[in-house]
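In: generate coordinates for the sequence data below:
(2 chains)
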Amino acid sequence: MSNGNGNGIAIDVKGLTKSFGGREVVHDLSMQVKRGSIYGFLGPNGSGKTTTIRILCGLLTPDSGEGTCLGYDIRRDAEKIKRQVGYMTQRFSLYQDLSVRENLEFVARLYGLADARGAARDMIKRLGLSGREEQLAGELSGGWKQRLALGACTLPNPQLLLLDEPTAGVDPKARRDFWNEIHALAAEGLTVLVSTHYMDEAERCHEIAYIAYGYLLAHGTVEDVIAKSALTTYTVTGEDLNDLGAALTGKPGIDMVAPFGTSLHVSGRDVPALEASIAPWREKSGLNWQKSSPSLEDVFIELMGRSKDNFQ
Amino acid sequence: MSAVEHPEPRRDIRERFGFLRRSYAMLVKEFIQLRRDRVSFAMIVMLPVMQLMLFGYAINTTPHHLPSAVLLQEDSDLARSVLKALENTKYFRFLYEVHDVDDFDNLLKSGKVLFGVEIPRGFERAVRRGDRPALLVAADATDPVAASAALGSLGMVVQTALAHDLYIGEPPEMPFEIRAHARYNPAANSSLNIVPGLVGTILTMTMLIFTALSVTREVERGTMESLLSMPIRPVEVMFGKIVPYVLVGFVQAFLIIGIGVGLFGVPVLGNLVLLALLSTLFITTNLSIGYTISTLVQNQLQAMQMSMMFFLPSILLSGFMFPFAGMPAWARYLGECLPLTHYLRIVRAIMLKGATMENLRFDTLALAGLMLLAMTIAVTRFRRTLD
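Out: Below you'll find the model as predicted:
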């Protein structure tokens, strides 16, 4: 089923800007999300991810900018968008004093599903919550709460899911299950926009966008983003990595030094300068240097460091 | 969770009767939440019963044995008889007997007595001559309710009591004049007036608080964000939140009137159906005002404060506590803007005077107008976005 524009674009916005109390939270943001894809939204806390998601589902009106969501104008057709979009808030926002079944029936009735009870029953089965339907939502564990929240926003069969940090504070097993479900939903044709802090989750997205201080800094597939970063990374293993890290930080050509477990990632965009700076340590005994491609995390931390210099 | 077996989702979404359907969804949700909130649920019954018992008995109880003093400027048999008769009314208890005017004044001023009876010099002689001398009864103005009840009953009781002392058979008229000096002149509120008044006061308080918290609670619990992201309109949220409490208010009104009739012997002279209908209108008006408050404030504390700001004038300016007609014009205008003012007239008129719809048209229209005004403000003020 395709509404409005049938060109396979679910979200198409240009130049979105939003300020709160004089502080610009989202700055000239443009993005496109393909139908049926999983689009990851990454960025540090307070970078404007939540604000952008709220603009997309009509909860906030942008100060400027325009665009469509599922073919509907985000300014004029907020009510139509709401019918087709499932929004899962960052904070658990179902009724804690209602049971699992009552919460789902409430949503089903609000959206006008023909058989609210039946729809809730099916969803409980699908979520694997059978036997817990009479439990109060507030008494569920974190992982079950997330699953219930996801169930509640997929219940009315939306075309687009907006998930705001759905797996924050959830254990790895529950996170993996959650992502399996998201992929299953995308396979059914649902478009999913999901914000996250987790790099492993970012790598499970079809496309990602990185946003910091309200600016969209990079977007594309994971490979694109890494390639476009033009970052060269050396991975060092050996002894006294802390001292090495301290010595290298701030040297010309070295944009970022980050410890990863027993290794140290030294990255920079200016390769000759980087190599000149690390030269004195290259031959040191006890250190093993290896040129590698940067990880997504390297790219993001470098982007974050750079954007901090630019915008703060 | 196994992502493999997916029962075919029900895609059938109905657009007809959307308004009713969404309001109903909201209503069911509110009912469940109310049922689960045991404290609130208990308050529905406890609040009116307790308040009615407390206020009903506290305000209604006829004052007894009010501390009194007598200024005796003549020690005669008749004076003694009058005092005895006064004491027999059970309103007065004479604690002090003084012979000096200053002592008398000081007793009243210090609050040691609420009443002072002055028997003037030459009282008995004047009575026997048929001069109708004055028996001065001074009342402490600070306790007007006590004063008015005691003063109101003076004449007849004293006359009956004295009849046996002075005459054989019925005296043709009061042999002396009782001159009551009360600085406060209360309205002719009988004790029966208070129970119907309590119906309105209690309903105002409980209804206001129930809905004043409803929207802010959703905001504070974080559920508003997801509610707003769903296709529900402000008017539907409002109806869903008001309707369950109309029933609650109806139960409360029934309780209060039931207790009033059963325990306090208040009559219901008028039509019960009319009373129920207009009470429902009043309940809805208050719920709408509470809901409006809820859309205006930021948090639950502010909601409570604003409810109190509305509740106090309702009690003071509606004619519940002080006679409406006795207030200055500006206060009466203010009072006309309060639903309680109109409901008090309605409920007193129906219960005590057997009034019909014909008599109550103005107050009914006023209530309906206030309700629509509150609802309009609420719906326009309800924020559909988080901006």
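
In: and A:Asn157, what helix or strand is that in?
Out: For A:Asn157, there is no host helix or strand (DSSP states H and E).

In: please disregard the earlier target; I meant A:Ser47.
Out: Using DSSP H and E, A:Ser47 sits within no helix or strand.

In: also B:Met371?
Out: helix B:361-381.

In: is that helix up against chain A anywhere?
Out: No - applying C-beta under 8 Å from any C-beta of the partner chain, one finds helix B:361-381 out of contact with chain A, separated by at least 15.2 Å. Where you see a C-beta, it was placed from the backbone N, CA and C, and this is true even at glycine.

In: give me the neighbour count for residue 139.
Out: Since no chain was named, I'll use chain A. Look at A:Glu139: counted by other C-beta atoms under 10 Å in any protein chain shown, it has 13 neighbours.

In: that's the wrong chain, I meant chain B
Out: By other C-beta under 10 Å, 23 other residues sit near B:Ala139.

In: buried stuff in the helix holding B:Met371?
Out: B:Asp363, B:Thr364, B:Ala366, B:Leu367, B:Leu370, B:Met371, B:Ala374, B:Met375, B:Ile377, B:Ala378, B:Val379 (16 or more other C-beta atoms under 10 Å in any protein chain shown).

In: tell me where the stretch 101-250 of chain A has strands.
Out: A:160-164, A:191-196, A:207-212, A:215-220, A:232-238 (DSSP state E, counting those that start in this stretch).

In: oh, that last question was meant for chain B, not what I typed.
Out: B:66-72, B:92-98, B:115-119, B:134-139, B:177-181 (DSSP state E).

In: can I get those strands in TSV with mean pLDDT and distance to chain A?
Out: What follows is the strands of chain B, written out as TSV (pLDDT from 0 to 100; distance: least, C-beta to the nearest C-beta, whole Å):
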stretch	mean pLDDT	distance to chain A
strand B:66-72	84	52
strand B:92-98	85	56
strand B:115-119	82	56
strand B:134-139	78	55
strand B:177-181	62	59
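
In: how's chain A carved up into domains?
Out: A:9-97+A:136-225, A:230-293 (automatic domain parsing).

In: and stretch A:75-85, anywhere near chain B?
Out: Yes - using C-beta under 8 Å from any C-beta, stretch A:75-85 reaches chain B at A:Ala78, A:Glu79, A:Lys82, A:Arg83, A:Val85.

In: figure out how far that stretch is from the centre of its chain.
Out: Distance, stretch centre to chain centre, for stretch A:75-85: 22 Å (C-alpha atoms, centre = their mean, to the nearest Å).

In: per-residue pLDDT, residue 251?
Out: With no chain named, the answer covers chain A. At A:Lys251, the predicted lDDT confidence score is 87.

In: correction: the question concerned chain B.
Out: Reading off the confidence values, B:Val251 has pLDDT 91.

In: can you pull the contacts of it?
Out: Contacts for B:Val251 (C-beta atoms under 8 Å, 6 or more residues apart in numbering or on different chains) come out as B:Ile44, B:Val45.

In: how about A:Asn288?
Out: So A:Asn288 contacts A:Val236, A:Thr237, A:Gly238 (C-beta under 8 Å, 6+ apart).

In: pull the most distant pair out of the residues of stretch A:75-85 next to chain B.
Out: Of all pairs drawn from those, the greatest distance, 11.0 Å, lies between A:Glu79 and A:Val85 (C-beta to C-beta).

In: so those two - more neighbours on which side?
Out: Using other C-beta under 10 Å as the criterion, A:Glu79 and A:Val85 rank with A:Val85 on top: 28 against 13.

In: beta partners of that one?
Out: Beta bridges link A:Val85 to A:Leu160, judged by DSSP bridges.

In: tell me the spacing between it and A:Ser37.
Out: 15 Å (C-beta to C-beta, to the nearest Å).

In: can you check A:Val107 too?
Out: According to C-beta to C-beta, A:Val107 and A:Ser37 sit 25 Å apart.

In: who has more neighbours, the two?
Out: The neighbour count for A:Val107 versus A:Ser37, taken as other C-beta under 10 Å, is higher for A:Val107 (26 against 17).

In: quick check, the more buried one in contact with A:Pro158.
Out: No - assessed by C-beta atoms under 8 Å, A:Val107 is found out of contact with A:Pro158, at 11.0 Å.

In: show me what the worst-scoring helix or strand of chain A on mean pLDDT is packed up against.
Out: Ranking every helix and strand in chain A by mean pLDDT, DSSP states H and E puts helix A:296-311 at the bottom, with a mean of 76. Other helices and strands packing on helix A:296-311, by 3 or more C-beta pairs under 8 Å, 6 or more residues apart in numbering or on different chains; DSSP states H and E, are helix A:199-202, strand A:207-212, strand A:215-220, helix A:222-228, strand A:256-260, strand A:263-268.

In: buried residues in that helix, which are they?
Out: A:Leu296, A:Glu297, A:Asp298, A:Val299, A:Phe300, A:Ile301, A:Glu302, A:Leu303, A:Met304, A:Ser307.

In: distance of the nearest residue to the first one once chain neighbours are set aside from A:Ser295?
Out: What that stands for is A:Leu296. Spatial nearest neighbour of A:Leu296, chain neighbours left out: A:Met199 (5.2 Å); criterion: C-beta to C-beta, 6 or more residues apart in numbering or on different chains. Separation of A:Met199 from A:Ser295 (C-beta to C-beta) stands at 7 Å.

In: compare these two (neighbour count), which wins?
Out: More neighbours surround A:Ser295 than the other of A:Met199 and A:Ser295, with 20 against 16 (other C-beta under 10 Å).

In: residues of the stretch 101-250 of chain B that sit close to chain A?
Out: So far as C-beta under 8 Å from any C-beta goes, the stretch 101-250 of chain B lies against chain A at B:Arg221, B:Gly222, B:Thr223, B:Met224, B:Glu225, B:Ser226, B:Leu227, B:Leu228, B:Ser229, B:Met230, B:Pro231, B:Ile232.
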